[in-house]
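Trainee: sequence? don't have it. structure:
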């Protein structure tokens, strides 16, 4: 099979297309023939070395396809089942096939096509735990969503609106501002041109927001901190512009007894039951039409380097996919 591998960390140029033997599923594993592969920003961190991996390595954890074979002890799936996986702990989804732990793989309903599943699963389940479990967003609550035209941001904006929240969205361009408004954002801030905290204070009559979701990192850290209401929650879940600075405990005190968290999805899906519930909530939101998944760009598997270049330029809109 074809697969993307890298032997050293660095820029997108370290990614190589190679021919290797297709894997054989071990105990509790399934072999998935991919129809579509999700691209996520975390993979740029792994490739660059920000998130260390044992090298040489494959890349990618999100894909949708058909079960080709099952290993010993697998009763959850059978050959021919439609499935999707994200964060199985076995990197290597940038390939024609991959193995995934059966208990970290979810059934894909017939109502959701492969491309939508690959574009939505990781981002959608991230949104689910951020809005429903890390902090339970309530109707009428005003929240701040950074990078609202990106993959997670688009889903988060729509899902938050479905919950009845007032969404203040930040974006990096006029084109992305238009997209955020189409998704339902109540207020849009161009964070490269406007003072985010000042705009948030203006919109909220000086109060600030009770929760802010920040996947941008370094460029938006200060603005996010100063946008929060007293006892507000700063949710840092990405580093698109680079890692945010270390959080000085005193800053949380002087800015209103704030809370700061850096969550990972694995801690909110520690069991198969939590995983299934999260995926089911996502499929329900997609099926209801309350959340629409935009696939902004697709790339052939062989062009993974171009995909990473596009992602890191922050010129992409919506989700990006590799197609085998």
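Mentor: Yep, it's here. Small disclaimer: the values here were computed from a predicted structure and weren't measured. Residues are numbered from 1 along each chain as shown.
Trainee: tell me which element the spatially most central residue of the chain is part of?
Mentor: With distances taken as CA atoms, centre = their mean, residue 123 lies nearest the centre of the chain, 3.3 Å away. Taking DSSP states H and E as the criterion, the element that holds residue 123 is helix 114-129.
Trainee: What's the mean pLDDT across that helix?
Mentor: For helix 114-129, mean pLDDT rounds to 96.
Trainee: Show me what it is packed against.
Mentor: With contacts taken as 3 or more CB pairs under 8 Å, 6 or more residues apart in numbering; DSSP states H and E, helix 114-129 sits against strand 29-39, strand 63-70, strand 82-85, helix 151-162, helix 272-288, strand 295-300, strand 319-323. For every residue, glycine as well, the C-beta is placed using N, CA and C.
Trainee: Tell me where the stretch 101-250 of the chain has helices.
Mentor: Remark: helices of the stretch 101-250 of the chain, listed N- to C-terminal, are 114-129, 151-162, 174-182, 196-203, 221-225, 249-254; assignment by DSSP state H, counting those that start in this stretch.
Trainee: ok, and the closest non-adjacent residue to residue 42?
Mentor: When the adjacent residues along the chain are set aside, residue 42 lies closest to residue 51, with 6.9 Å between them (CB to CB, 6 or more residues apart in numbering).
Trainee: and the closest residue to residue 241 other than its chain neighbours, what is it in contact with?
Mentor: Distances taken as CB to CB, 6+ apart place residue 219 nearest to residue 241, at 3.8 Å, with adjacent residues excluded. If a contact means CB atoms under 8 Å, 6 or more residues apart in numbering, then residue 219 has 191, 241-242 as its contacts.
Trainee: got it, and residue 117?
Mentor: Counting by CB under 8 Å, 6+ apart, residue 117 has contacts 36, 64, 84, 108.
Trainee: if we can go back for a sec, doesn't the residue nearest to residue 42 belong to a helix?
Mentor: No - looking at residue 51 with DSSP: H, G, I helix; E, B strand; the rest coil, it is coil, so not inside a helix.
Trainee: neighbours of it, just the number please.
Mentor: Under the neighbour criterion other CB atoms under 10 Å, residue 51 is assigned a count of 13.
Trainee: Wait, it touches residue 44, no?
Mentor: No - shown here, residue 51 and residue 44 do not form a contact pair, counting by CB atoms under 8 Å, at 9.4 Å.
Trainee: follow-up on the earlier one: could you dump the helices of the stretch 101-250 of the chain to JSON lines with distance to residue 68?
Mentor: Rendered in JSON lines, the data for those read as follows (distance: least, CB to CB, whole Å):
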{"stretch": "helix 114-129", "distance to residue 68": "14"}
{"stretch": "helix 151-162", "distance to residue 68": "27"}
{"stretch": "helix 174-182", "distance to residue 68": "37"}
{"stretch": "helix 196-203", "distance to residue 68": "47"}
{"stretch": "helix 221-225", "distance to residue 68": "44"}
{"stretch": "helix 249-254", "distance to residue 68": "50"}
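Trainee: Looking at the ones you listed, spot the one closest to residue 321.
Mentor: Residue 321 lies closest to helix 114-129 among the helices of the stretch 101-250 of the chain, at 5.8 Å (CB to CB).
Trainee: tilt between that closest one and strand 295-300?
Mentor: On the basis of axes from the mean of the first three to the mean of the last three CA atoms, to 10 degrees, helix 114-129 is oriented at 130 degrees to strand 295-300.
Trainee: Show the buried residues in the contacts of residue 219.
Mentor: Burial by neighbour count, judged by 16 or more other CB atoms under 10 Å, picks out 191, 241 from the contacts of residue 219.
Trainee: For residue 204, state which of the contacts of residue 219 is nearest.
Mentor: Where those are concerned, and distances follow CB to CB, residue 204 has its nearest neighbour in residue 191, at 16.5 Å.
Trainee: re earlier: and the contacts of residue 117 as CSV, adding neighbour count and distance to residue 198?
Mentor: Shown next, in CSV, are the contacts of residue 117 (neighbours: other CB atoms under 10 Å; distance: CB to CB, whole Å):
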residue, neighbour count, distance to residue 198
36, 22, 41
64, 29, 42
84, 27, 42
108, 24, 45
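Trainee: follow-up on the earlier one: where does the residue nearest to residue 42 land on pLDDT?
Mentor: Looking at residue 51, its pLDDT stands at 88.
Trainee: Show me how this structure divides into domains.
Mentor: Residue ranges for the domains of the chain, per automatic domain parsing: 2-120+288-323, 139-262.
Trainee: Run the chain-centre distance for the first one.
Mentor: For domain 2-120+288-323, the gap between its own C-alpha mean and the chain's C-alpha mean amounts to 13 Å (CA atoms, centre = their mean, to the nearest Å).
Trainee: What about residue 108? Give its phi and psi, please.
Mentor: According to degrees, to the nearest 10, the main-chain angles of residue 108 amount to phi -110, psi 120.
Trainee: And the closest residue in space to it that isn't next to it in sequence, how far from residue 179?
Mentor: Excluding the flanking residues, the one nearest residue 108 by CB to CB, 6+ apart is residue 82, at 4.2 Å. Remark: distance between residue 82 and residue 179 (CB to CB, to the nearest Å) = 30 Å.
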